[in-house]
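Visitor: Provide a 3D model corresponding to the input given below.
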Amino acid sequence: MLPAVTGRPDFAALVVRTDFGDEPAWRSLLAALSGPCGDGAVEADVHVVDDPAWSGAAVGDVIAAVSADEDLSVVFLADDTTMRDPEHALLAVAVVTRDECENDEEFATHSGSVRAVPAGIHEIHANLSIANLDFVDVVETARLDPAGVFRGF
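Guide: Numbering: from 1, shown residues only. Coordinates of the predicted model:
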């Protein structure tokens, strides 16, 4: 069982490290996460979980572990793909289960995953947090990118 995530400020994006094999890549990702977001007028607010207990955690296990946070609509995983990717695109995963949705259509709108560059996670987190957009909007935006990565709205 994964440890509970505690101390996350309400408006902070949650980044969970699940790959611990490349420290230089991790430090590079942390630097990218602390940079300005959007047009640079907004300071990045990120809560990072850097605990080896999460090493190799499966997406479903992460969702189960963080779903107790009712204010959290998306979690960003720094997995092995993130660490190998030169842009460090994180795996953005909607925090929703089928049981929380009334039907399959609602679940399809609010669930899923997509890769997102570090500078893009703040837009995803903010828009989902205030229910300005649904996760399907994030996925559709990423589909416009040749690599299928969310880079911003």
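Visitor: from memory Val149 sits against Pro118, does it?
Guide: No. Using Cβ atoms under 8 Å, Val149 is not in contact with Pro118; the gap is 11.0 Å. (Each C-beta comes from the backbone N, C-alpha and C, glycine too.)
Visitor: Could you look up the SS state of Ala147?
Guide: With DSSP: H, G, I helix; E, B strand; the rest coil as the basis, the three-state label of Ala147 is coil.
Visitor: List phi and psi for it.
Guide: When read as degrees, to the nearest 10, the backbone of Ala147 gives phi -90, psi 0.
Visitor: residues near it, how many?
Guide: If you count neighbours by other Cβ atoms under 10 Å, Ala147 ends up with 11.
Visitor: same thing with Val62?
Guide: Neighbours around Val62, by other Cβ under 10 Å: 23.
Visitor: quick one: which helix or strand includes it?
Guide: Taking DSSP states H and E as the definition, one finds Val62 inside helix 59-66.
Visitor: Show me what that helix packs onto, helices and strands only.
Guide: Contacts defined by 3 or more Cβ pairs under 8 Å, 6 or more residues apart in numbering; DSSP states H and E place helix 59-66 against strand 13-17, strand 74-78, strand 90-94.
Visitor: okay, the angle between that helix and strand 74-78?
Guide: 130 degrees (axes from the mean of the first three to the mean of the last three Cα atoms, to 10 degrees).
Visitor: average model confidence for helix 59-66?
Guide: Here helix 59-66 scores 92 as its mean pLDDT.
Visitor: before we move on, what about stretch 132-140?
Guide: 91.
Visitor: Just the buried residues of it, please?
Guide: Across stretch 132-140, burial judged by 16 or more other Cβ atoms under 10 Å covers Leu133, Asp134, Phe135, Val138, Val139.
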